[in-house]
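[1] Quick one, fold the following:
(5 chains, ligands or ions: 4)
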Amino acid sequence: MDKHFARTEMLPPLAPPVTERGVVKWLRENLFSGPFNTILTLVALVVIYKLVSAALPWWLNSVWTAESLSQCREIVAATAGEGASGACWAMIRERWHQFIFGFYPPDLWWRPVLAFGLLIAALGPVLYSGQKRSLTILLGIVAAYLVVTLSLTGAPTGAFVAAAVVVVALFAAVQVAPGRMLLFTAIYPALCFWLLWGGSIWTPVVAMLGFVVMGVVYMALVGRFGPTASAIAGVVAAVLWWLFLDIPITQALADMIGGGLRSVESDEFGGFLLAITIGVTAISFSLPIGILLALGRQSDMLIVKTLCVGFIEFIRGVPLITLLFTASLLLQYFLPPGTNFDIILRVIILVTLFAAAYLAEVIRGGLAALPRGQYEAADALGLDYWRAQRLIILPQALKISIPAIVSTFIGLFKDTTLVAFVGLMDPLKGVTQIVRADINWKGIYWEPYIFVGAIFFVICFGMSRYSMYLERKLKTDHR
Amino acid sequence: MSEHAIDRSKMKVSDEVAIQISGMNKWYGTFHVLRDINMTVQRGERIVICGPSGSGKSTLIRCINRLEEHQQGQIVVDGTELTNDLKNIDKVRSEVGMVFQHFNLFPHLTILENCTLAPIWVRKVPKKEAEETAMHFLRKVKIPEQANKYPGQLSGGQQQRVAIARSLCMKPRIMLFDEPTSALDPEMIKEVLDTMIQLAEEGMTMLCVTHEMGFAQAVANRVIFMDQGQIVEQNEPKEFFNNPKSDRTKLFLSQILGH
Amino acid sequence: MSEHAIDRSKMKVSDEVAIQISGMNKWYGTFHVLRDINMTVQRGERIVICGPSGSGKSTLIRCINRLEEHQQGQIVVDGTELTNDLKNIDKVRSEVGMVFQHFNLFPHLTILENCTLAPIWVRKVPKKEAEETAMHFLRKVKIPEQANKYPGQLSGGQQQRVAIARSLCMKPRIMLFDEPTSALDPEMIKEVLDTMIQLAEEGMTMLCVTHEMGFAQAVANRVIFMDQGQIVEQNEPKEFFNNPKSDRTKLFLSQILGH
Amino acid sequence: QATLEAVKARGELICGSNTGLTGFGAPDASGNWTGFDVDLCRALAAAIFGDATKVRFVPTTGETRFTALQSGEVDVLIRNSTWTYSRDTELALDFVAVNYYDGQGFMVKSDLGVSSAKELDGATVCIQTGTTTELNLADFFKQNNISYQPVTVADDSEAQRQYLAGACDAYTTDASGLAASRATMPDAANHIILPEIISKEPLGPVVRHGDNNWGDIVRWTYYALLIAEEKGITKANVEEVATSTADEEVKRLLGLSGDMGVKIGLDNAAFKNAIAAVGNYGEVFAANIGEGTAINLARGLNALWTQGGLQYAPPLR
Amino acid sequence: MAVASDVPKESFRLSMLIYDTRYRSVTIQVFVLILFALFLAWLLNNTANNLATRGKEFNFGFLWQRAGYDIGQALIPYTNDSTHFRALLVGLINTLVVAIIGCVLATVIGVVVGVLRLSKNWLVAGLMTVYVEMFRNVPLLLWILLSYVILSETTPQPRDFRVTDEMAAAGEAPAASMILWDSVAVTNRGTNIPSPLFDRGLGSADLGFMSVNLTTLAYILVIAGSVWVNRRILASARAQQEATGDRPVTWWKSILVLFGPVIALSVALGLHLEIPELRGFNFQGGILVAHSFTALVIALALYTAAFIAEIVRAGILAISRGQSEAAFALGLRPGRTMNLIILPQALRVIIPPLISQYLNLTKNTSLGIAVSYLDLRGTLGGITLNQTGRELECMLLMMLIYLTISLIISALMNFYNSTVQIKAR
Ligand SMILES: Nc1ncnc2c1ncn2[C@@H]1O[C@H](COP(=O)(O)OP(=O)(O)OP(=O)(O)O)[C@@H](O)[C@H]1O
Ligand SMILES: Nc1ncnc2c1ncn2[C@@H]1O[C@H](COP(=O)(O)OP(=O)(O)OP(=O)(O)O)[C@@H](O)[C@H]1O
Ligand SMILES: [Mg+2]
Ligand SMILES: [Mg+2]
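    Ligands and ions are numbered 1, 2, ... in the order given. Presented below is the predicted three-dimensional model:
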């Protein structure tokens, strides 16, 4: 080609040569590019073959209906020949509800199911603040979920009506003022508590009134004494309310105007219901504590900072299991003589503290990611520390931290299995153990593990994927 | 600069003292960043501060609304001395508006929310009223139609104008500007300067760190030149540019006007 | 462009062939990115490649030192054909220097270490000697005083000059540039172009993807215009700019010189 | 506060139970707890409230059981806990009775060719941790000057799995547990329980130290079941006996004469209710762990004293 | 020009405690401190009251009583006559052993998996993804239980190794055989590995408070010496490279120096292996590694490795493609590029999260409870607590020990981290 060259006719694109096309190329590039890769491929194939050939017959010989393990074994022997092994899923058929609900009364299953559905609705405003479309879709999903699960668990008509009312109200709220949905999120904990444990409606209402008292006291004093002092006064007032007024008022109200759900004791909780209850409660209560700890850790007040760092490092430095043992063995040493409350509650308290320490670190990351300019602009506008935190800093920091909070939650949720060691009925070890204590199922090993493991996988994998999606969305989101 | 001739009718300087700084010194650790600053700003004055990078201009301006603490001397803003007393600080900050180089808008709030936040929470203005005020100022900076967008959706020049509007919503008596145009593309600088000129025309007391000498000549009634933490020279713009006294000023002007 | 007049005395083109590409085709998957490329580069030639975005300029240049693999045709560099033979690839790579758009300096090594790394580990030059060479080239690109800093501490223009020095330390016979100035601020572009002109003056064989038409006119002895993976036109710069033959070239030039 | 009052105020009894031990206490598919220990809890609830369902079971582990009792989390612990000196004294607990006389034994596969525990030199032995078992085991091997390799396991079903898989040569636990395990094995005949019983394991209900009245209630409810067996009173015939009996002790037991129940703060019909709820000791034994059940334990030491066993109730008067 | 009048120096007022920036933080801190002290006092008071009502006292004397139980895996001399304190030490060592081996294994697996996940090989990358997702999304407890069951269900019983006379006569092979040249036996009770024995061991020196095994000491010294010499060799090689450009071949020297002296010492001391042998019920001789240990290590390592793999992958991905391209363009080979360019940069990204994984693993060793591995929790927090009924003392002590371990690990790793970071910038 000479130095002066001008093309008159453009060349059309050509298809690549055979080696660059189709299956051959795919194989060559993805499996056999070079000797090392070929070896890897072969090794991988051998591994897959070994795994499949070891496990496949067992899966293929699965038995779905039997009364006991020995019957399972007989059926396997009859169909697949003597000495063959097979899975005995009949156990799951008979006992699945204990893995899911523990000993929760079957006629009340609709309550946790409803609480769980509303949880998703309550999470909506946190995940999609103010996004009408997403919130509407979410409510649609919740409604569909509730219709299906409520009818599956045989909920009474009242439950359907209540659920419908709540969902429709939320739907209306979303259309009119999406921000208002946060109100539902705020009252959800009380609602959830009431649905799960039942009892008088006044228990959660009066407990929530404590927060109202806190707010009222704060509002009344803030003008005169400034935010810090009035916040403290508010907290003190609320604590006094809970300590001294809560029970008598509840009692009085319950006597005057009854109404409530059948109460369910904590020890009837078990399986995934227990795991989710502990996980969700702990993570939601740990969020405010975690925020305070993170702010404390960022503070330039030495003592406050030291206390926060000390607390965080202590909790993060010891295994969760020792904290659980603390809940079951030591807490009663630390509390006034005679106090004695539910083991689940004690476990939740310790797990909450545990989660709070981890969340504090997560939120600290979010705080650190904010540019200094945001603090300065808030200062320059005359916002005080707490207002600046509440209006400017935390909304942004929390949004950045959502993916990390979700992974903390996943870790926590997996860790709820450890409550088995203090005698609670977690799905993995607790329920499995009582199932195996049944003479019919004594000696069954793999099936409950696989069943529980699969459910854990679905939940955790789903959540981690979702948080990755969220992370990507937040990154590109121009807001 | 601005297309229309600048209207100086309202740009009157009163006798009242807006800012009084005397014998002020500040250190960062052992580094003496501001040295014996003495300065009086009358109400209605428009002062431009210039000087080489690192000379302490930003620090000085940030001391005035106590984003930085000074260690010696006195700063009195609108009759309130800046001491450790939080009440005084709050008072001064609500009198003084500030515009930053990097806008520092709140990205999670809409433009309107950005503007109403401080009036509502600090001045306790009813939301409706705050929104009306905000729209008024947004109209003034010529972007009322963006009120419901988020800062991320605006160009730099628009963002800076929102930042100015946000400050104005607090109805400050003094405005501080810290290089408001230096993070902007050339086309956008003009929009922002126009807004500032408009402010000046309405008689706002302004302290402005900037290297836009055109702006200084057009609206300032005093130019302060700083170097190494000291006020080296101050004068009327005409005198300052045409007849600088100090060698350092001459050097600086030759560099900055050179290209 | 450069302040001093360009010295063309050493910029002679020899008869020796430095790079010979014939009938070369490349696909990304099914996308035919380079189509029937034929090109001969003589030793001492300075070739500028231009063309719209996505036309395959980067791909072409990266094929020459085998950062990308071609699927058809021949590329012979300095008498060595590029095949799958690792030895040939090593040989070619040690003859050919490359400068990237984003500098790609090694952030964990000092400037000096960046420059001596390859000579020491590839050319097996004693460390001392390598450092001397490195300092020589750093002086040439006018930043010997930065030798012990880390890349992160330098401005973009300085980093790109280090990247050029780093390539030169391998004493390459051919230099490839892939838009070396497009990630730089305007003031810095000049520093880098000056360095490149200096290289050209010393007779280095250069292939340069760039949109700096001033540079092309000043030093190139051939401009190649690519579009849709093909060489559409090539000519001497003067002819190319004043008298483009193909319609596409005309369109492209009108766009690029328009502003 | 007295435990009885607390229990009455609460309206139900909280009974510390096992986290699942075949035959002694475990919930079934519908969540109802059944078992030998569980029935005693129910009898107690029946004695206090006249309603055997007013009882809640709190599963406790080896580590948490005594703390749960001490802290008042449970009212009484009925979960095969061995009565030992240090537990009785140092832990401030009271063992009020022995509802099952047990002893630690060994189970081996018959083809191991071992007929005495003393031949187990060098053997691997599976034990559960957190019990008295490991102390007894250590003492036994030391006394006989032979060595062993302990394999500690977390719970009974795990131990059984290990043993069946051959991961240990011998499995040691309370003889009742061994029998229960053996009964559920597919090849029960191939396993033998060695003759040595190396410890005394009196298992019984535990209450907090200091509340003697509560201890009396638990103790005498249990004895009531024993006396019922002695006197031939069963769940089925208790009403009938009540109308027809002439035996003074039976009358006292069933609340027909005297005020036995009232004396300990209960109803006079308390013991009758207990018997009516679960039956007498023999019935409870037979229904849960006795011969004829899958666990198939002989009465052995737990036979009434009249039949050569150790179960002996003091006179109810 | 109007001059502001001098503001008079104000005297101290009470409101300044809240409104003056100088005093405000002090006020708050004092307040917080008082609250904290009150809280602490409340806790201590409750504890004292509770202890009193239960007739217990806070006293660590029980640690010096006879423990009375046996521990299957004791790396320091221990019998059931030893004290509870010694049992604690045995447990602590067991914890540390699991943690250390687990960390090493997890790192190795994690790095390999992380790199393989980036492989162009679709099959391998896919397998690794499945592995990582499986392990990350299922509770660790399940993996521990599963690996324990797998280990004991898929391995042969000791008696399967037995060759009876009849079998010998018939020429039949036993059902199972030892591996690695008949030196290691994997049974369903554990893995029997050979133990080193010395004909001419150096014995041990008694230093009064503790005794030192001289043989071990000799090995430590020799190995330390070899490592030191090897470093000298590498340094001189580097010096030579700097001087002449040519790097001398050192690998054979290194091997010689690293292994020669150790082998020589072994020969001198008459090292031989005691191969486990089937005698009686079990393999005798050698060292028995119990399955509870192996299962715990495997599960911990695999679980943590899944997290480490993600960290490694992210670390490598964080290094832009441009870096390796630039290195290639300079003529560096892929191996060198990895060593000189990619790894030093990736390490900076990888190490901080790696530290927290090591911490997690160490804390997770406490899940050995699921397979009754007698670690610190199993001894001090398990059997000792159970036998003595001293939950307050045992739990506090246990938390204190775990906390100390955690703090030491994070301090060490942070130190290492800071050295890496300083080198880079
Ligand atoms: N937070 C700080 N800590 C320590 N030194 C600081 C701090 N902020 C600024 N400095 C130093 O104080 C000096 C003055 O800084 P200042 O930002 O006021 O300069 P400037 O005149 O605004 O410069 P520029 O034109 O670059 O904005 C500089 O030398 C700077 O390095
Ligand atoms: N690794 C790749 N895989 C698939 N397609 C690619 C890859 N790299 C480049 N391409 C495509 O090949 C075409 C040519 O890319 P190339 O980078 O060579 O263009 P260019 O002329 O250098 O453009 P620019 O001026 O934007 O740098 C483009 O359409 C691009 O999208
Ligand atoms: Mg500045
Ligand atoms: Mg390109």
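[2] now what about stretch D:7-14, what contacts it?
    Stretch D:7-14 is contacted by residues D:41, D:44-45, D:48-49, D:54-58, D:73-76 when judged by C-beta atoms under 8 Å, 6 or more residues apart in numbering or on different chains. (Glycine included, C-beta is placed from N, CA and C.)
[3] Kindly recompute the last result at 7 Å.
    Stretch D:7-14 is contacted from outside by D:41, D:44, D:45, D:48, D:54, D:55, D:56, D:58, D:74, D:75, using C-beta atoms under 7 Å, 6 or more residues apart in numbering or on different chains.
[4] do stretch E:406-418 as well
    Against stretch E:406-418 from outside (C-beta under 7 Å, 6+ apart): A:317, E:351, E:352, E:355, E:358, E:359, E:362, E:363.
[5] tell me the contacts of the fifth one?
    Yep, that's residue E:358 we're talking about. By C-beta under 7 Å, 6+ apart, the residues touching residue E:358 are E:103, E:409, E:413.
[6] Quick check: it vs residue C:90, distance?
    40 Å (C-beta to C-beta, to the nearest Å).
[7] Residue of the stretch 151-300 of chain E closest to ligand 1, please.
    Residue of the stretch 151-300 of chain E nearest ligand 1, by C-beta to the nearest ligand atom: residue E:242 (39.0 Å).
[8] Any idea how many residues pack against that residue?
    17 (other C-beta atoms under 10 Å in any protein chain shown).
[9] List the contacts of it.
    Contacts of residue E:242 by C-beta under 7 Å, 6+ apart are C:126, C:127, C:128.
[10] of all those, which comes closest to ligand 1?
    Once C-beta to the nearest ligand atom is applied, the member of these that ends up nearest ligand 1 is residue C:127, at 36.9 Å.
[11] residue contacts, that closest one?
    C:116, C:120, E:242.
[12] so which of the residues you listed comes closest to chain B?
    The nearest member of the contacts of residue C:127 to chain B, counting by C-beta to the nearest C-beta, is residue C:116 at 33.9 Å.
[13] pLDDT score for residue 346?
    Going with chain A. As predicted, residue A:346 sits at a pLDDT of 88.
[14] meant chain E, my bad for not saying
    At residue E:346, the pLDDT recorded in the model is 86.
[15] Would you check that it makes contact with residue E:315?
    Yes. Counting by C-beta atoms under 7 Å, residue E:346 sits close enough to residue E:315 to count as a contact (4.2 Å).
[16] Buried subset of the contacts of stretch D:7-14, written for ChimeraX?
    Those of these that count as buried under 16 or more other C-beta atoms under 10 Å in any protein chain shown are selected in ChimeraX with:
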select /D:41,44,45,48,54,55,56,58,74,75
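[17] show me which of the contacts of stretch D:7-14 neighbour chain A.
    Restricting those to those within reach of chain A (C-beta under 7 Å from any C-beta of the partner chain) leaves D:56, D:58.
[18] from the contacts of stretch D:7-14, which ones fall inside strands?
    Among the contacts of stretch D:7-14, the members found in strands (DSSP state E) are D:55, D:56, D:58.
[19] for those residues, which one is nearest chain B?
    residue D:58 (47.8 Å).
[20] And that closest one, how close does it get to residue D:156?
    The spacing between residue D:58 and residue D:156, counted by C-beta to C-beta, is 19 Å.
[21] hang on, the earlier thing: please pick the buried ones from the contacts of stretch E:406-418.
    Looks like these have A:317, E:351, E:355, E:358, E:359, E:362, E:363 buried, using 16+ other C-beta under 10 Å.
[22] mind listing the strands for chain B?
    B:17-28, B:31-42, B:46-50, B:72-77, B:80-81, B:96-99, B:174-178, B:205-209, B:222-227, B:230-235.
[23] Who are the packing partners of the shortest one?
    Read it as strand B:80-81. Packing partners of strand B:80-81 (3 or more C-beta pairs under 7 Å, 6 or more residues apart in numbering or on different chains; DSSP states H and E): helix B:86-95.
[24] So which bits of the helix it packs on are buried?
    If you call a residue buried by 16+ other C-beta under 10 Å, then helix B:86-95 has these buried ones: B:86, B:88, B:89, B:90, B:91, B:92, B:93, B:94, B:95.
[25] try stretch A:9-19
    Buried-residue list, stretch A:9-19, by 16+ other C-beta under 10 Å: residue A:16.
[26] what distance separates that stretch from the middle of the whole chain?
    54 Å (C-alpha atoms, centre = their mean, to the nearest Å).
[27] now stretch A:232-244
    So, by C-alpha atoms, centre = their mean, the centroid of stretch A:232-244 is 29 Å from its chain's centroid.
[28] how about it as PDB, C-alpha atoms only?
    Taking Å, rounded to 0.1, in the frame of the first residue of the first chain, the C-alpha atoms of stretch A:232-244 are listed here in PDB:
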ATOM      1  CA  ILE A 232     -32.200  13.600  78.300                       C
ATOM      2  CA  ALA A 233     -35.200  14.700  80.100                       C
ATOM      3  CA  GLY A 234     -37.400  13.100  77.500                       C
ATOM      4  CA  VAL A 235     -35.500   9.800  77.800                       C
ATOM      5  CA  VAL A 236     -35.800   9.900  81.600                       C
ATOM      6  CA  ALA A 237     -39.500  10.600  81.400                       C
ATOM      7  CA  ALA A 238     -40.000   7.700  79.000                       C
ATOM      8  CA  VAL A 239     -38.000   5.300  81.200                       C
ATOM      9  CA  LEU A 240     -40.100   6.400  84.200                       C
ATOM     10  CA  TRP A 241     -43.200   5.800  82.200                       C
ATOM     11  CA  TRP A 242     -42.100   2.300  81.200                       C
ATOM     12  CA  LEU A 243     -40.900   1.500  84.700                       C
ATOM     13  CA  PHE A 244     -43.700   2.800  86.800                       C
END
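[29] Tell me how many other residues crowd whatever residue of the stretch 101-250 of chain B ends up closest to ligand 2.
    Per C-beta to the nearest ligand atom, residue B:185 is where the stretch 101-250 of chain B lies closest to ligand 2, at 22.4 Å. Residue B:185: 10 surrounding residues under other C-beta under 10 Å.
[30] Once you drop chain neighbours, what's closest to it?
    Closest residue to residue B:185 apart from its sequence neighbours, by C-beta to C-beta, 6 or more residues apart in numbering or on different chains: residue B:156 at 6.6 Å.
[31] neighbours of the one you found, just the number please.
    Burial of residue B:156 is recorded as 18 neighbouring residues (other C-beta under 10 Å).
[32] near ligand 1, which residues of the stretch 201-350 of chain A?
    Nowhere does the stretch 201-350 of chain A come near ligand 1, counting by C-beta under 6 Å from any ligand atom.
[33] where exactly do the strands run in the stretch 201-350 of chain A?
    A:260-261 (DSSP state E, counting those that start in this stretch).
[34] any chance you could map the helices in it?
    Applying DSSP state H, counting those that start in this stretch to the stretch 201-350 of chain A gives helices spanning A:202-240, A:246-256, A:271-298, A:302-317, A:320-325, A:331-334, A:343-368.
[35] Ok, which of these comes nearest residue E:373?
    Of all the helices of the stretch 201-350 of chain A, helix A:320-325 sits nearest to residue E:373, with 12.9 Å by C-beta to C-beta.
[36] Show the average pLDDT along the closest one.
    Rounded mean pLDDT across helix A:320-325 is 90.
[37] Which elements pack onto it?
    Secondary elements touching helix A:320-325 (3+ C-beta pairs under 7 Å, 6+ apart): helix A:343-368, helix E:391-424.
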